[in-house]
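>>> The sequence isn't on hand, but the structure is:
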């Protein structure tokens, strides 16, 4: 199979997430692909193992009131291992039930083999989502 540059996989991932295509997003992963989110907010999984678990979770997230509006790779770093890249990502979105917007920056480490994601580690600041999901305090 010809080599697919990580930037192309990441661009496709962006298009699929922003279009809400949970199935095609899950299909970017190998059958035994893994997503890890060590700093996941309470109630969110810290680890998803297998394409079907990723698919199920992607469907739930994309059907939720969390609307992702932009998903930008700020920097892409190639490591000494040609399968591993480090991504600085900026995400913007809105919680549609409250119309509260958010902007978050995260660091992601991905192992991409032959155009498919084997491992995706997301180091995002969970406080951003907690702030969006928490009702604002009434002003006095």
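On my side now, so go ahead. Keep in mind it's a predicted model, so treat the numbers as computed, not measured. Residues are numbered from 1 along each chain as shown.

>>> Just give me the neighbour total for residue 72.
Look at residue 72: counted by other CB atoms under 10 Å, it has 11 neighbours. All C-beta spots, glycine's among them, are computed from the backbone N, C-alpha and C.

>>> How about the one 4 residues further on?
If you count neighbours by other CB under 10 Å, residue 76 ends up with 16.

>>> Next up, the contacts around it.
Residues in contact with residue 76 (CB atoms under 8 Å, 6 or more residues apart in numbering) are 6-7, 10, 85-88.

>>> So residue 38 versus residue 48, what's the distance?
As judged by CB to CB, to the nearest Å, residue 38 and residue 48 stand 13 Å apart.

>>> What separation is there between residue 31 and residue 65?
Taking CB to CB, one finds residue 31 at 30 Å from residue 65.

>>> scratch that, residue 122
20 Å.

>>> Who has more neighbours out of the two?
Neighbours were counted for residue 122 and for residue 65 using other CB under 10 Å; residue 122 has more, 17 against 10.

>>> Which helix or which strand is home to the more buried one?
strand 116-124 (DSSP states H and E).

>>> What ranges in this protein fall below the confidence cut-off?
1-2, 129-140 (pLDDT under 70).

>>> Next up, the contacts around residue 85.
By CB under 8 Å, 6+ apart, the residues touching residue 85 are 6, 10, 76-79, 109-110, 112.

>>> Pull the most distant pair out of those residues.
The most widely separated members of the contacts of residue 85 are 10 and 79, with 14.5 Å between them, by CB to CB.

>>> Quick check, residue 26 in contact with residue 50.
No. Using CB atoms under 8 Å, residue 26 is not in contact with residue 50, being 9.7 Å away.

>>> Alright, calling it a day.
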